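Engineer: Predicted model and sequence below, questions to follow.
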Amino acid sequence: MDKNERLQRYEYDEYTVVTNFETYQDILDYAAKHNGELIEVGFTDGSDNPMPNSEANLIAEKKTFKVGLDPEYKVLYSYEEGFQEMAEEILEEMKKIENDVAPEDWLSDQNIATGDRIIVLKDGEVNTVTTRERIKFLMRGNVYELAVKVPKVNEA
(Lines give C-alpha, C1' and ligand atoms only; values in the text may rest on other atoms or scores of the structure.)
Protein backbone atom coordinates (compact mmCIF):
# COMPACT_ATOMS: atom_id res chain seq x y z
CA MET A 1 0.00 0.00 0.00
CA ASP A 2 1.36 3.41 -1.01
CA LYS A 3 1.85 5.75 1.95
CA ASN A 4 -0.39 8.37 0.35
CA GLU A 5 -3.25 5.90 -0.20
CA ARG A 6 -3.89 5.64 3.53
CA LEU A 7 -4.08 9.39 4.05
CA GLN A 8 -7.41 11.01 4.88
CA ARG A 9 -8.21 14.45 3.48
CA TYR A 10 -10.72 16.87 4.95
CA GLU A 11 -11.65 19.84 2.77
CA TYR A 12 -12.38 23.24 4.27
CA ASP A 13 -12.97 26.56 2.49
CA GLU A 14 -9.38 27.80 2.44
CA TYR A 15 -7.32 24.72 3.27
CA THR A 16 -7.20 20.93 3.40
CA VAL A 17 -6.32 18.94 6.52
CA VAL A 18 -4.50 15.67 5.86
CA THR A 19 -4.40 12.98 8.58
CA ASN A 20 -3.66 9.29 9.15
CA PHE A 21 0.11 9.40 8.75
CA GLU A 22 2.05 6.33 9.78
CA THR A 23 5.21 8.01 11.11
CA TYR A 24 6.32 11.40 12.33
CA GLN A 25 8.83 11.57 9.48
CA ASP A 26 6.02 10.93 6.96
CA ILE A 27 4.25 13.99 8.35
CA LEU A 28 7.35 16.17 8.05
CA ASP A 29 8.02 14.97 4.50
CA TYR A 30 4.44 15.58 3.40
CA ALA A 31 4.36 19.07 4.93
CA ALA A 32 7.62 20.03 3.21
CA LYS A 33 6.53 18.65 -0.16
CA HIS A 34 3.08 20.30 -0.08
CA ASN A 35 3.93 23.65 1.55
CA GLY A 36 1.90 22.65 4.59
CA GLU A 37 2.13 23.24 8.31
CA LEU A 38 1.95 20.74 11.15
CA ILE A 39 -1.16 21.08 13.27
CA GLU A 40 -2.80 19.02 15.96
CA VAL A 41 -6.42 18.00 15.48
CA GLY A 42 -8.98 16.04 17.40
CA PHE A 43 -11.90 13.89 16.45
CA THR A 44 -13.93 14.55 19.57
CA ASP A 45 -17.56 14.44 20.66
CA GLY A 46 -18.35 11.93 17.92
CA SER A 47 -17.23 14.31 15.17
CA ASP A 48 -16.24 12.87 11.78
CA ASN A 49 -14.24 16.00 10.95
CA PRO A 50 -11.02 17.02 12.66
CA MET A 51 -10.99 20.24 14.63
CA PRO A 52 -7.90 22.05 15.92
CA ASN A 53 -7.04 20.52 19.29
CA SER A 54 -3.64 20.42 21.00
CA GLU A 55 -4.68 18.52 24.18
CA ALA A 56 -2.52 15.52 23.27
CA ASN A 57 0.74 17.50 22.88
CA LEU A 58 1.63 15.53 19.75
CA ILE A 59 4.04 17.98 18.14
CA ALA A 60 6.20 18.20 21.25
CA GLU A 61 6.18 14.41 21.68
CA LYS A 62 6.62 13.73 17.95
CA LYS A 63 3.76 11.20 17.97
CA THR A 64 1.32 10.70 15.12
CA PHE A 65 -1.73 10.09 17.30
CA LYS A 66 -3.13 9.44 20.77
CA VAL A 67 -6.42 8.08 21.98
CA GLY A 68 -8.64 9.51 24.69
CA LEU A 69 -10.92 7.03 26.46
CA ASP A 70 -12.71 6.95 29.80
CA PRO A 71 -10.36 6.73 32.82
CA GLU A 72 -10.98 3.02 33.43
CA TYR A 73 -9.17 2.26 30.17
CA LYS A 74 -5.42 2.20 29.61
CA VAL A 75 -4.08 2.40 26.07
CA LEU A 76 -0.85 0.75 24.93
CA TYR A 77 0.51 2.02 21.62
CA SER A 78 2.46 -0.10 19.15
CA TYR A 79 5.48 2.18 19.51
CA GLU A 80 5.74 1.46 23.25
CA GLU A 81 8.24 -1.00 24.63
CA GLY A 82 6.70 -4.41 25.23
CA PHE A 83 3.78 -3.92 22.84
CA GLN A 84 4.79 -6.64 20.39
CA GLU A 85 5.36 -9.20 23.13
CA MET A 86 1.99 -8.42 24.70
CA ALA A 87 0.26 -8.62 21.30
CA GLU A 88 1.78 -12.05 20.68
CA GLU A 89 0.65 -13.26 24.12
CA ILE A 90 -2.87 -12.02 23.42
CA LEU A 91 -2.93 -13.88 20.11
CA GLU A 92 -1.77 -17.09 21.78
CA GLU A 93 -4.50 -16.78 24.42
CA MET A 94 -7.10 -16.09 21.75
CA LYS A 95 -5.99 -19.14 19.77
CA LYS A 96 -6.53 -21.30 22.86
CA ILE A 97 -9.91 -19.76 23.70
CA GLU A 98 -11.23 -19.67 20.13
CA ASN A 99 -9.66 -22.97 19.08
CA ASP A 100 -7.40 -21.19 16.57
CA VAL A 101 -10.10 -19.31 14.65
CA ALA A 102 -7.77 -16.90 12.79
CA PRO A 103 -7.19 -14.21 15.45
CA GLU A 104 -4.14 -13.18 13.42
CA ASP A 105 -6.54 -10.96 11.49
CA TRP A 106 -6.58 -8.61 14.46
CA LEU A 107 -2.94 -7.74 13.99
CA SER A 108 -2.29 -8.50 10.34
CA ASP A 109 -4.98 -6.58 8.46
CA GLN A 110 -3.22 -5.32 5.34
CA ASN A 111 -4.99 -1.95 5.54
CA ILE A 112 -3.70 -1.23 9.02
CA ALA A 113 -0.27 0.26 9.42
CA THR A 114 1.82 -1.27 12.17
CA GLY A 115 1.95 2.08 13.96
CA ASP A 116 -1.85 2.29 14.13
CA ARG A 117 -2.32 -0.72 16.35
CA ILE A 118 -3.24 -0.30 19.99
CA ILE A 119 -4.18 -2.53 22.89
CA VAL A 120 -6.90 -1.29 25.21
CA LEU A 121 -6.88 -2.54 28.80
CA LYS A 122 -9.77 -2.21 31.24
CA ASP A 123 -9.18 -2.97 34.90
CA GLY A 124 -5.81 -4.52 33.96
CA GLU A 125 -7.38 -6.98 31.51
CA VAL A 126 -7.21 -6.82 27.73
CA ASN A 127 -10.41 -5.22 26.46
CA THR A 128 -9.53 -5.17 22.76
CA VAL A 129 -6.75 -4.98 20.20
CA THR A 130 -7.76 -2.32 17.73
CA THR A 131 -6.79 0.76 15.70
CA ARG A 132 -7.28 4.50 15.98
CA GLU A 133 -10.10 4.44 13.41
CA ARG A 134 -12.00 1.78 15.28
CA ILE A 135 -11.61 3.71 18.54
CA LYS A 136 -13.45 6.66 16.98
CA PHE A 137 -16.40 4.66 15.77
CA LEU A 138 -16.72 1.63 18.02
CA MET A 139 -15.63 2.90 21.43
CA ARG A 140 -16.79 6.50 21.03
CA GLY A 141 -13.35 7.64 22.09
CA ASN A 142 -11.48 10.76 21.15
CA VAL A 143 -8.66 10.46 18.68
CA TYR A 144 -6.00 13.15 18.48
CA GLU A 145 -3.83 13.25 15.39
CA LEU A 146 -0.91 15.18 14.08
CA ALA A 147 -1.96 16.51 10.69
CA VAL A 148 -0.78 18.70 7.86
CA LYS A 149 -2.75 21.82 6.97
CA VAL A 150 -2.29 22.55 3.27
CA PRO A 151 -3.48 25.86 1.81
CA LYS A 152 -5.75 25.69 -1.20
CA VAL A 153 -4.26 27.28 -4.28
CA ASN A 154 -6.18 30.22 -5.69
CA GLU A 155 -7.55 29.07 -9.02
CA ALA A 156 -8.80 32.50 -10.12
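Structural biologist: Cool, got the structure. Numbers count the residues shown, from 1 in each chain.
Engineer: Check which helices and strands the strand of greatest length in the chain is in contact with.
Structural biologist: When the chain is parsed with DSSP state E, its longest strand is strand 142-151. Counting contacts by 3 or more C-beta pairs under 8 Å, 6 or more residues apart in numbering; DSSP states H and E, strand 142-151 packs against strand 15-19, helix 24-33, strand 37-43, helix 58-61, strand 65-68, helix 132-138. C-betas here are computed from N, CA, C, even on glycine.
Engineer: Reformat those as TSV; add distance to Arg9, mean neighbour count and mean pLDDT.
Structural biologist: Compiled in TSV, these are given as follows (distance: least, C-beta to C-beta, whole Å; neighbours: other C-beta atoms under 10 Å; pLDDT from 0 to 100):
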stretch	distance to Arg9	mean neighbour count	mean pLDDT
strand 15-19	5	20	95
helix 24-33	11	16	96
strand 37-43	12	19	95
helix 58-61	19	14	96
strand 65-68	16	20	91
helix 132-138	15	17	75
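Engineer: In TSV: these, plus distance to Val153.
Structural biologist: What follows is those, written out as TSV (distance: least, C-beta to C-beta, whole Å):
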stretch	distance to Val153
strand 15-19	10
helix 24-33	14
strand 37-43	15
helix 58-61	25
strand 65-68	28
helix 132-138	29
